[in-house]
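Peer 1: predicted structure and sequence below. I'll ask about it afterward.
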Amino acid sequence: METREAAERFVRVWRRAWAEHDVDALLELYAEDCVHRSMPFRAPHRGRAELGAYLRWSFAAERVTDVRFAAPVVGPDGVAVAEFRVLSEEDGAPATLAGCVFVRFDAAGLAVETRDYWHTTEGHREPEGTLFFV
């Protein structure tokens with residue numbers, strides 16, 4: 001699978017599945033032996049089972065109201081990056097999570113390595129500027 005096709009599918013599925021907390025749909029995007037880093041200095045989640053446990057934990061206190069992903073930017077060697085923004089309520093309080101995900105895909109179009117960079121803030125806000133969300 002071409003990287004652009006894999007990246008567009010990744011973003012499309014994440015947008016829908018995050019809003020619905022559909023962990024099974026998300027895990028189908030990843031190779032069995034994937035490595036996911038949810039923050040740059042956290043220990044990685046290795047394999048689908050660890051990633052699934054992390055996602056279920058992350059979604060537990062979150063009620064999503066809107067998910068947006070920018071079109072992925074595709075680079076060489078199976079790598080892509082996409083910006084995202086999620087409006088939610090956590091423990092009844094409005095919150096916004098904004099960040100980006102870096103993904104390396106294998107030849108089958110599955111994510112073998114991902115790394116997220118993200119920030120949260122109280123209330124519902126849009127990230128400043130319009131470079132990526134157009």
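Peer 2: Looks like it came in fine.
Peer 1: just checking, F69 touches A82?
Peer 2: Yes: if you go by C-beta atoms under 8 Å, F69 and A82 touch, sitting 5.3 Å apart. The C-beta positions use only the backbone N, C-alpha and C, and glycine is treated the same way.
Peer 1: identify the contacts common to those two.
Peer 2: V11 (C-beta atoms under 8 Å, 6 or more residues apart in numbering).
Peer 1: can you pull out the low-pLDDT segments for this protein?
Peer 2: The model of the chain has pLDDT under 70 over residues 130-134.
Peer 1: which residues in it form helices?
Peer 2: Ranges of helices within the chain are 3-20, 23-27, 47-59, based on DSSP state H.
Peer 1: how far away is L87 from A31?
Peer 2: Using C-beta to C-beta, to the nearest Å, L87 is found at 30 Å from A31.
Peer 1: show me what contacts D106?
Peer 2: 31, 78, 112.
Peer 1: neighbour-wise, which of those leads?
Peer 2: The most crowded member of the contacts of D106, judged by other C-beta atoms under 10 Å, is G78 (20 neighbours).
Peer 1: return the residues in contact with it.
Peer 2: 3, 6, 104-107.
Peer 1: residues near A111, how many?
Peer 2: Neighbour tally, A111, other C-beta under 10 Å: 23.
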